[in-house]
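**Student:** Using only what follows, build the 3D model:
(chains A and B)
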There are 2 protein chains.
Amino acid sequence: MDVRELVGQARRGRPRAVARLISLVENAVDNAVDNAVENAAGTAGHAGGDRAGAPAASRALREAMAELATGAARPYSARVIGLTGSPGVGKSTSTGMLIRAFRRRGSRVGVLAVDPSSPFTGGALLGDRVRMQDHATDPGVFIRSMSSRGHLGGLAWATPQALRVLEAAGCDVILVETVGVGQAEVDIARLADTTVVILAPGMGDGVQAAKAGILEVADVLVVNKADRDGVQATVRELRNMTGLVEAAWRPPIVTTVASRGEGADDLLAALDKHYAYLEESGEARRRRLARARDEIEAIALAQLRSRFAVLHGDRLDALAERLLGAETDPYAAADDLIAALR
Amino acid sequence: MDVRELVGQARRGRPRAVARLISLVENAVDNAVDNAVENAAGTAGHAGGDRAGAPAASRALREAMAELATGAARPYSARVIGLTGSPGVGKSTSTGMLIRAFRRRGSRVGVLAVDPSSPFTGGALLGDRVRMQDHATDPGVFIRSMSSRGHLGGLAWATPQALRVLEAAGCDVILVETVGVGQAEVDIARLADTTVVILAPGMGDGVQAAKAGILEVADVLVVNKADRDGVQATVRELRNMTGLVEAAWRPPIVTTVASRGEGADDLLAALDKHYAYLEESGEARRRRLARARDEIEAIALAQLRSRFAVLHGDRLDALAERLLGAETDPYAAADDLIAALR
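**Tutor:** Here you go, the predicted model:
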């Protein structure tokens, strides 16, 4: 199918077109490297098979993004809400609760479940995907899980481009769900308008230790499973932490029982309040500019990396041999590799 | 202190010199950006304060790595063993068990506890650090936890350089412990000679879902907490998975109760067997070459990224503005940024 046609269908809200465009994003880095290796090996153009399709896919992505970034595609039109937290706190249940809450308002909702591709979290996400099938027949909801295992700056690279697809499809709200471990969480906080950190009672020590990290990323704090013991202690602890925040926005603390939909209205109110704050303070624009900067930088670095691997693979191999033989040092070797770009 | 002197002290096994050199690695990317920003602002050279020290730190790292990569510093002299697994499977207890086992042989042991810097895993690692104090008075053991939150390809960048420091300090074995979630795990598998994936009984569904991921990274599989129910089922499941492996090395499955030291000899035997396989098959050299390649590439990309941020920050800002205004698309903007490097 023609890319322009595919983008056109996505704009008309066709789920399969949306899914195909996000797949283009997800497969792009791998394809780019595969292609270049193939071209080098002289096997490009071989008819049939997965690999033969790759060069077109990569050109297709560039074309798709050009279509999606300009004109009638509504870039930066959706509220992007990141949801993060440790395994087991109820991220997917909370996502489900928010989908329903935004749907009741008539919003069109996109969901990106960003799997940092652990073999271990993989299992949990499979379960989540099944749970999200509740919304499978609702044409106002697009749900997609993405993985980016092994990609350079995977999430930072892929997610902004996937957001463009969902924005083109008319989503008013996009929920990005990611497990709250390490880099993934920081990446999500950088691209979301509002970042929700979800906790559950009984993580006392963890919360203390996590102080700096949570405050770094959270715009709204949720204590889920609020029907369990220890909820008051967790809320108190969080309140002590946020009490020290001197910034213009102090993260509110919302308690929920997402499995029963309890607290949905409070959470929605907190999200709306933060959105209003973002718009009034000019912070919304600042965040979107930062997202645009990160997106450009991530694409540029991925392009450079694929040049290293492909165009300068022999030089990199030779430098690695010399490093192994103690004939150079890693910084001198890196300088040499960078010089190859000129 | 003079860098040459610091490296000299590390080679003589002085723990504080080892710690200072690893700190140089850990702080380097941030410093590099800080410096360049300061230089641009004309505030470099301001006496006293943390920031004034930064430019020296960055030069110091380059000098240190040049010293450590060549000559008498024994690069690539240690066996690097990665330990990974979900939170709660007993990674740190297993690490402790291996420290004791290698110490009984008279090996000098380095440990890098690589924290992907989640606010949430932060808590657990604090506990682990305390537990590892058992070895605090043993001059044959260096233990260091590292974080790399927010760095470009953080672990891939920092860990190989930290390994150089520990190798220079005479470590025969280096254990790299990381939580088995997402990119961190893949990074560790790429730089270790042997990767140990640790599981615990009762993760049945997870194991099934994780099939591909585990087999992708594991050289040795450990079922820890083997005194619990369900250990046989977990072992059987893993055996069914590894039975399908057609590669020259099929990951053995070892059961342990690390908290009581049970299974230490079996695990050591499995590690030795894998090491012998690596050496005989030529795979050892291949893996070390891959580690060298990754190290060079990660440094080169970090240098390029800091050039984007610093030398070309204005251009990046302008491109982001245009992207936000739908006047360009992300790939065209990335091309423009790359062109600035020339």
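
**Student:** what comes up buried for the helix or strand hosting A:R315?
**Tutor:** For A:R315, the host element (DSSP states H and E) is helix A:313-324. Neighbour-count burial for helix A:313-324, counted by 16 or more other CB atoms under 10 Å in any protein chain shown, picks out A:R315, A:L316, A:L319, A:A320, A:R322, A:L323, A:L324. For glycine as for every other residue, the C-beta is placed from the backbone atoms N, C-alpha and C.

**Student:** shaky segments in the stretch 1-150 of chain A?
**Tutor:** Applying pLDDT under 70 to the stretch 1-150 of chain A flags residues A:1, A:29-57, A:71-73, A:115-136, A:147-150.

**Student:** And the strands in it, which stretches?
**Tutor:** Remark: strands assigned in the stretch 1-150 of chain A by DSSP state E, counting those that start in this stretch are A:79-85, A:109-115, A:141-147.

**Student:** Compute the inter-axis angle for the first one and strand A:109-115.
**Tutor:** Yep, that's strand A:79-85 we're talking about. If you take axes from the mean of the first three to the mean of the last three CA atoms, to 10 degrees, strand A:79-85 sits at 40 degrees to strand A:109-115.

**Student:** hmm, who's touching strand A:79-85?
**Tutor:** A:91, A:94-95, A:98, A:163, A:172-180, A:184-185, A:188-189, A:191-200, A:217, A:222, A:271, A:275, B:120 (CB atoms under 8 Å, 6 or more residues apart in numbering or on different chains).

**Student:** hang on, the earlier thing: which helices and strands sit right next to the helix holding A:R315?
**Tutor:** The elements that helix A:313-324 packs onto, with contact taken as 3 or more CB pairs under 8 Å, 6 or more residues apart in numbering or on different chains; DSSP states H and E, are helix A:330-339, helix B:283-310.

**Student:** Now do it against helix A:330-339, angle only.
**Tutor:** Between helix A:313-324 and helix A:330-339, the angle comes out at 170 degrees (the same axes, to 10 degrees).

**Student:** Using CSV, write out every CA atom in helix A:313-324.
**Tutor:** Listed next in CSV are the C-alpha coordinates belonging to helix A:313-324 (Å, rounded to 0.1, in the frame of the first residue of the first chain):
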residue,chain,number,x,y,z
GLY,A,313,31.9,-1.6,10.3
ASP,A,314,35.3,-2.6,9.1
ARG,A,315,37.0,0.4,10.7
LEU,A,316,35.1,-0.4,14.0
ASP,A,317,36.3,-4.0,13.8
ALA,A,318,39.8,-3.0,13.2
LEU,A,319,39.7,-0.5,16.2
ALA,A,320,38.2,-3.2,18.4
GLU,A,321,41.1,-5.6,17.4
ARG,A,322,43.6,-2.8,18.3
LEU,A,323,41.8,-2.2,21.6
LEU,A,324,41.9,-5.9,22.5
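
**Student:** Could you list the residues in contact with it?
**Tutor:** By CB under 8 Å, 6+ apart, the list of residues contacting helix A:313-324 from outside reads A:40, A:308-309, A:328-330, A:333, A:336-337, A:340, B:69, B:75-76, B:285, B:288-290, B:292-293, B:295-297.

**Student:** Stretch A:277-286 too?
**Tutor:** With contacts defined as CB under 8 Å, 6+ apart, stretch A:277-286 is touched by A:D193, A:T194, A:A248, A:W249, A:Y275, A:R287, B:L324.

**Student:** If we use 7 Å, what do you get?
**Tutor:** With contact meaning CB atoms under 7 Å, 6 or more residues apart in numbering or on different chains, stretch A:277-286 is reached by A:D193, A:A248, A:W249, A:R287.

**Student:** what pLDDT, on average, does that stretch get?
**Tutor:** Averaging pLDDT along stretch A:277-286 yields 95.

**Student:** Span of it from start to end?
**Tutor:** 13 Å (CA to CA, to the nearest Å).

**Student:** circling back: tell me which of the helices and strands packed on helix A:313-324 sits nearest to A:E5.
**Tutor:** A:E5 lies closest, by CB to CB, to one member of the helices and strands packed on helix A:313-324: helix B:283-310, at 34.9 Å.

**Student:** Also compute the angle for that closest one relative to strand B:79-85, please.
**Tutor:** In terms of direction (the same axes, to 10 degrees), helix B:283-310 departs from strand B:79-85 by 70 degrees.

**Student:** Quick check: residues of the stretch 201-342 of chain A near chain B?
**Tutor:** By the rule CB under 7 Å from any CB of the partner chain, the part of the stretch 201-342 of chain A lying against chain B is A:205-206, A:209-210, A:213-214, A:288-289, A:292-293, A:295-297, A:299-301, A:303-305, A:308, A:316-317, A:319-321, A:323-324, A:326, A:329-331, A:333-334, A:337-338, A:341-342.

**Student:** What subset of those is buried?
**Tutor:** Among those, those scoring as buried are A:206, A:209-210, A:213-214, A:288-289, A:292-293, A:295-297, A:299-301, A:303-305, A:308, A:316, A:319-320, A:323-324, A:326, A:329-331, A:333-334, A:337-338 (criterion: 16+ other CB under 10 Å).

**Student:** between the helices and strands packed on helix A:313-324, which gets the lowest average pLDDT?
**Tutor:** Comparing mean pLDDT across those, the lowest value falls on helix B:283-310: a mean of 89.

**Student:** from memory A:R11 sits against A:A168, does it?
**Tutor:** Yes - contact criterion CB atoms under 7 Å: A:R11 and A:A168 qualify, at 5.3 Å.

**Student:** Show me which positions of stretch A:77-94 end up buried.
**Tutor:** Of all the residues in stretch A:77-94, those buried under the rule 16+ other CB under 10 Å are A:78-87, A:89-94.

**Student:** and of those residues, the nearest to chain B?
**Tutor:** Relative to chain B, the closest of those is A:S86; by CB to the nearest CB it sits at 4.4 Å.

**Student:** How about the secondary structure of A:K225?
**Tutor:** Look at A:K225: counting by DSSP: H, G, I helix; E, B strand; the rest coil, its state is coil.

**Student:** Local confidence estimate at the nearest residue to it once chain neighbours are set aside?
**Tutor:** Spatial nearest neighbour of A:K225, excluding adjacent residues (CB to CB, 6 or more residues apart in numbering or on different chains): A:A200 at 4.5 Å. Confidence at A:A200, expressed as pLDDT, is 88.

**Student:** What count of nearby residues applies to A:A200?
**Tutor:** The number of residues packed near A:A200 is 19, by other CB atoms under 10 Å in any protein chain shown.

**Student:** same thing with A:L244?
**Tutor:** Neighbour count of A:L244, defined by other CB under 10 Å: 9.

**Student:** again with A:Y277
**Tutor:** Neighbour number of A:Y277 under other CB under 10 Å is 15.

**Student:** In a helix, it, correct?
**Tutor:** Yes - A:Y277: assigned to a helix according to three-state DSSP.

**Student:** how close does it sit to chain B?
**Tutor:** 20 Å (CB to the nearest CB, to the nearest Å).

**Student:** So that residue versus A:W249, what's the distance?
**Tutor:** From A:Y277 across to A:W249, the span is 6 Å (CB to CB, to the nearest Å).

**Student:** any common contacting residues for these two?
**Tutor:** Applying CB under 7 Å, 6+ apart, one finds that no residue jointly contacts A:Y277 and A:W249.

**Student:** picking that back up, looking at A:R11 and A:A168, which one has more neighbours?
**Tutor:** Neighbour count, other CB under 10 Å: between A:R11 and A:A168, A:A168 has more, with 28 against 19.
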